[in-house]
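Visitor: The following comprises the amino acid sequence and a computationally predicted model.
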Amino acid sequence: MKHGKRYTEGAKEIDRNRVYDLEEAIAIVKKNATAKFDETIEAHVRTGCDGRHADQQIRGSVVLPHGTGKSVRILVFAKDAKADEAKAAGADYVGAEDMVQKIQKENWFDFDAVVATPDMMSVVGRLGRILGPRGMMPNPKTGTVTMDVANAVNEIKAGKIEYRLDKTNIVHVPVGKASFTEEQLGDNLNTLFDVLIKARPAAVKGQFLKTVTLTSTMGPGVKVNPLKLTQA
């Protein structure tokens, strides 16, 4: 894969055979985030899980203390009083069967997160094949199937992110923007790692956090020492 000049220049400053302390890794990633837009900083965490086994799956959510720096558009499936609550909390779109039709017939996806009340899941279930692959299907484990729609909307707007294993047992999550201070990114990352470590399945043996890599949208990855994270 051919990389651009900016990526190549940034990669020269990184020792590929070294794992960095978190603070140093954050500083390097920020320094290399030189695009003309505010790059997203992401963490890629390879775990010791084997996602083929149900007892080694991890999935959940965490509210980052400084948010992600991204404005999130929320769609809520609710009716009557709960629909009013969602609107009052700042949901961008609220509806029921009408929203299902809009998504199915118009291929409409002007939203980033979906919340639903439990009684609406029979309706939302018709969108499983559409929302599932996009990682947007409401789920009780991530707090997006709930009667407390106002709290769900507030948390997502405040910087709540979902995490789950991909097919290679890696968790990929945004943790902020390049414009964040190193302290803000550090707070967000430490919060994420604390939650991931607590979510460790009992069936996982040996080292849980195998590798941790920080990247910006356009920049090269920087490896973080995972052993120091588990001692925090």
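Guide: Received, thanks. Numbering: from 1, shown residues only.
Visitor: domains for the protein, by residue range?
Guide: For the chain, the structural domains run 5-67+160-230, 74-158, going by automatic domain parsing.
Visitor: Tell me the helices and strands packed up against the lengthiest helix in the chain.
Guide: As assigned by DSSP state H, the longest helix anywhere in the chain is helix 182-198. With contacts defined as 3 or more CB pairs under 8 Å, 6 or more residues apart in numbering; DSSP states H and E, helix 182-198 has these neighbours: helix 22-32, strand 40-47, strand 59-63, strand 160-164, strand 170-177, strand 209-216, helix 226-230. Any C-beta I mention is one placed from the backbone N, CA and C, and that applies to glycine too.
Visitor: Who's the closest spatial neighbour of residue 69, skipping the chain neighbours?
Guide: residue 177 (3.5 Å; CB to CB, 6 or more residues apart in numbering).
Visitor: which ones are touching the one you found?
Guide: 38, 39, 40, 41, 68, 69, 70 (CB atoms under 8 Å, 6 or more residues apart in numbering).
Visitor: if we go to 7 Å?
Guide: Residues in contact with residue 177 (CB atoms under 7 Å, 6 or more residues apart in numbering) are 38, 39, 40, 41, 69.
Visitor: what does residue 26 give?
Guide: 182, 185, 186, 214.
Visitor: quick one: the nearest residue to the third one once chain neighbours are set aside from residue 212, how far?
Guide: Once flanking residues are discounted, residue 186 sits nearest to residue 26: 6.0 Å by CB to CB, 6+ apart. With the distance defined as CB to CB, to the nearest Å, residue 26 ends up 12 Å from residue 212.
Visitor: Ok, residue 121 next?
Guide: 35 Å.
Visitor: So between these two, which is more surrounded?
Guide: More neighbours surround residue 212 than the other of residue 121 and residue 212, with 26 against 16 (other CB atoms under 10 Å).
Visitor: my read: that one touches residue 224, true?
Guide: Yes - using CB atoms under 7 Å, residue 212 is in contact with residue 224, at 4.2 Å.
Visitor: Next up, the contacts around the residue of the chain positioned farthest from its centre.
Guide: Distance from the C-alpha centroid of the chain peaks at residue 80, with 30.3 Å (CA atoms, centre = their mean). Contacts for residue 80 (CB under 7 Å, 6+ apart) come out as none.
Visitor: The nearest residue to residue 45 once chain neighbours are set aside - how many residues pack around it?
Guide: Closest residue to residue 45 apart from its sequence neighbours, by CB to CB, 6+ apart: residue 171 at 4.5 Å. Neighbourhood size, residue 171 [other CB under 10 Å]: 22.
Visitor: Please name the residues that touch residue 171.
Guide: Contacts of residue 171 were listed using CB under 7 Å, 6+ apart, and they are 45, 47, 163, 164, 165, 196.
Visitor: re the thing from before, could you dump the helices and strands packed on helix 182-198 to a markdown table with distance to residue 146 and mean pLDDT?
Guide: Shown next, in a markdown table, are the helices and strands packed on helix 182-198 (distance: least, CB to CB, whole Å; pLDDT from 0 to 100):
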| stretch | distance to residue 146 | mean pLDDT |
| --- | --- | --- |
| helix 22-32 | 33 | 95 |
| strand 40-47 | 26 | 96 |
| strand 59-63 | 12 | 91 |
| strand 160-164 | 12 | 91 |
| strand 170-177 | 21 | 96 |
| strand 209-216 | 30 | 95 |
| helix 226-230 | 30 | 81 |
